[in-house]
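Asks: Quick one, fold the following:
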Amino acid sequence: MNFKTGDKVVVIAGKDRGKEGKIISILKNENKVVIEGVNMIKKHVKPDGQNAGSIVEREAPIHASNIMILDPKTKKGTRIGHTIDKKNNKVRICKKSNENI
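Replies: I've put the predicted structure just below:
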């Protein structure tokens, strides 16, 4: 998976298509990511000794194939490529504009 925590992405498929957000966490084994403000669900929380029960709204994971990284230049979704920079480090680039991510 080419995504990292903190990347700005856009949803390209599903009920939240077109929404943008930052990646909060990555579930590598399931090939899913959690994006801030996207794929919101209602979670019922049981009461415990100090807190009363309630319904909490939170983000649910979304499959990595349904998102694209935002190109910093064009502000649109793009694929991720890899290249070697002058210091022999492998860096991620945007395919549309060849900008470093």
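Asks: rest of the way, CA atoms for contacts and neighbours
Replies: OK.
Asks: Of all the residues in the longest strand that the chain contains, which ones are buried?
Replies: Using DSSP state E to define each element, the chain has its longest strand at strand 20-27. The neighbour-count check on strand 20-27 (16 or more other Cα atoms under 10 Å) flags 20-26 as buried.
Asks: Run through who's touching that strand.
Replies: Here strand 20-27 makes contact (Cα atoms under 8 Å, 6 or more residues apart in numbering) with 4-11, 32-38.
Asks: top of those by neighbour count?
Replies: Counting neighbours by other Cα atoms under 10 Å, Ile35 leads those with 28 neighbours.
Asks: what pLDDT does it get?
Replies: Note on Ile35: pLDDT of 97.
Asks: That one reaches Ala64, doesn't it?
Replies: No - counting by Cα atoms under 8 Å, Ile35 stays clear of Ala64, with 10.4 Å between them.
Asks: Helix, strand, or coil at the residue located most distally from the centre of the chain?
Replies: Distance from the C-alpha centroid of the chain peaks at Gly49, with 35.0 Å (Cα atoms, centre = their mean). Per DSSP: H, G, I helix; E, B strand; the rest coil, the local secondary structure of Gly49 is coil.
Asks: In strands only, show me the contacts of strand 20-27.
Replies: Reading strands off the contacts of strand 20-27 with DSSP E, I get 8-11, 32-35.
Asks: Which strand residues bridge the closest residue in space to Gly6 that isn't next to it in sequence?
Replies: Of all residues beyond its chain neighbours, the one nearest Gly6 is Ile23 (5.0 Å), with distances taken as Cα to Cα, 6 or more residues apart in numbering. Bridge pairing for Ile23 (DSSP bridges) gives the partners Ile35.
Asks: Let me know the pLDDT of the closest residue to Asn2 other than its chain neighbours.
Replies: Of all residues not flanking Asn2 in the chain, Ile80 sits nearest, at 7.1 Å (Cα to Cα, 6+ apart). What the model reports for Ile80 is a pLDDT of 94.
Asks: Ile80 contacts Met1, correct?
Replies: No - Ile80 is not in contact with Met1 according to Cα under 8 Å; the separation is 10.2 Å.
Asks: Cool, thanks, signing off.
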